[in-house]
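Enquirer: A predicted structure for the sequence below; I have some questions about it.
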2 protein chains.
Amino acid sequence: MKRIEPRSGVAFTMERGSILTVCDPDGQQVSDLVAYNAMDAKEVISNGRTFDYEETIQIGRGNRLWSNRSNPMLTITADTAHRHDFLLTPCSEQTFRHFYPDKPVHRGCFGNLAEALEPFGIMPDSIPTAFNIFMNVPVDGESGLLAVKPPTSRAGDKIEFRAEMDLIIGLTACSAYDSNGGTFKPIDYSVTSGA
Amino acid sequence: MKRIEPRSGVAFTMERGSILTVCDPDGQQVSDLVAYNAMDAKEVISNGRTFDYEETIQIGRGNRLWSNRSNPMLTITADTAHRHDFLLTPCSEQTFRHFYPDKPVHRGCFGNLAEALEPFGIMPDSIPTAFNIFMNVPVDGESGLLAVKPPTSRAGDKIEFRAEMDLIIGLTACSAYDSNGGTFKPIDYSVTSGA
């Protein structure tokens, strides 16, 4: 497995049919994932299209992440954590100023994704709502109120995705205080042939 | 008020400080709203940023619709309906094929928005998850499951938005069966000076 150091991010390509495994090595850490069609990066994961077709906001094993063009991009083929978020956007300079006015500002997952994706020609405005692996965002169905809680993931929890098209992936080890219970930890990942 | 005929859409500009009023004249109809910065249409409403800053998925009076750049775009200044959706994407050819395989395919709100926004240089890939006025999408907080139910809006229900920057707005009278209880009705709207 490769390691994403705390409060950093990476981007890479993966071929259709290959498997991305994302592991929380120490527990209670969040990893923001974004995906683009490698042939045309204007096609990108869409939380709204995913909620439409999967008919749930709790995305896990068996669900697919859909694109803004209504194509499946990734299928979740294994998941030991059972708790992820697809509502919220990557933390950023602006979210640090808003939520943590007394703490040092960090460029966050948004800044880390922007730097990692730039070599692929993907600009910051093209970073969508991320699929926030291991992020724990309970929603009150009645009021709609949401909260960002520490992840329920334990050391060694994993999620696997199969690529349904050739993809550019952006992936982080989250930088925000609330999403990982105030600790900054690494994230491990691998891409393997699906054969 | 101007009328948006059933299963159609419009686009227009509005100045910072002006008020957009959207009315459901007959009741139980949905209107998809999208908004772009008139000076730079790469800045666009973002459900994820809105959920982040408003800390709820039930957006109504007093809430703001935020952009992908973390700026407020619209503030909801009045709301007699109290039930809207910001989870789901505009209906489209693909959603008609998926959800209504036995019914005629329609280009949906997505196609209507694409045509209306084209004169402003906004391409279909740049249509985000819309703010779906009057749309009734209950979410089970425990399971995450969602459902598209007929709107609870009654004839004459209205929502008002104040523009927080100069905007390009796309607005529809929804074309899908489930979102409006199988009826296709018009939507009325006006833009007035906020002074």
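Expert: Perfect, I can see it now.
Enquirer: Could you list the residues in contact with the helix or strand bottoming out on mean pLDDT in chain A?
Expert: Counting by mean pLDDT, DSSP states H and E, chain A has its least confident helix or strand at helix A:93-99, which shows a mean of 93. Helix A:93-99 has contacts (C-beta atoms under 8 Å, 6 or more residues apart in numbering or on different chains) with A:89, A:103-108, A:110-111, A:176-178, B:52-53, B:69-70. In short, each C-beta sits where N, CA and C put it, glycine included.
Enquirer: PyMOL command to pick out the buried ones of the residues you listed?
Expert: Remark: buried members of the contacts of helix A:93-99, expressed as a PyMOL selection using 16 or more other C-beta atoms under 10 Å in any protein chain shown:
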select buried, (chain A and resi 89+106+107+108+110+111+176+177+178) or (chain B and resi 52+53+69+70)
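Enquirer: and the least confident helix or strand of chain A, which residues are buried?
Expert: A:94-96, A:99.
Enquirer: just checking, residue A:88 touches residue A:135?
Expert: Yes - under the criterion of C-beta atoms under 8 Å, residue A:88 makes contact with residue A:135 at 7.2 Å.
Enquirer: Look at residue A:19 and say how many residues are nearby.
Expert: By the measure other C-beta atoms under 10 Å in any protein chain shown, the count of residues near residue A:19 is 18.
Enquirer: distance of it from chain B?
Expert: Using C-beta to the nearest C-beta, to the nearest Å, residue A:19 is found at 24 Å from chain B.
Enquirer: residues in contact with that residue?
Expert: Neighbours of residue A:19 in contact, by C-beta under 8 Å, 6+ apart: A:77, A:160-163, A:191-194.
Enquirer: Check residue A:86 too.
Expert: A:47, A:50-51, A:57, A:59, A:129, A:131-132.
Enquirer: Which elements pack onto the top helix by length along chain A?
Expert: Looking across chain A with DSSP state H, the single longest helix is helix A:108-117. For helix A:108-117, the elements it packs on are strand A:9-14, strand A:31-37, helix A:93-99, strand A:167-172, judged by 3 or more C-beta pairs under 8 Å, 6 or more residues apart in numbering or on different chains; DSSP states H and E.
Enquirer: what's the offset of it from the middle of its chain?
Expert: Centroid displacement of helix A:108-117 relative to its chain, using C-alpha atoms, centre = their mean, to the nearest Å, is 12 Å.
Enquirer: what residues does chain A put near chain B?
Expert: For chain A, the residues in contact with chain B (C-beta under 8 Å from any C-beta of the partner chain) are A:42-43, A:46-49, A:51-53, A:55-59, A:68-70, A:87-89, A:92, A:94-95, A:98, A:123, A:125, A:127-130, A:138-147.
Enquirer: Quick one: buried ones out of those?
Expert: The neighbour-count test (16+ other C-beta under 10 Å) applied to the residues of chain A next to chain B identifies A:43, A:46-49, A:51-53, A:56-59, A:68-70, A:87-89, A:92, A:94-95, A:127-130, A:139, A:141, A:144, A:146 as buried.
Enquirer: Nice, that's everything, thank you.
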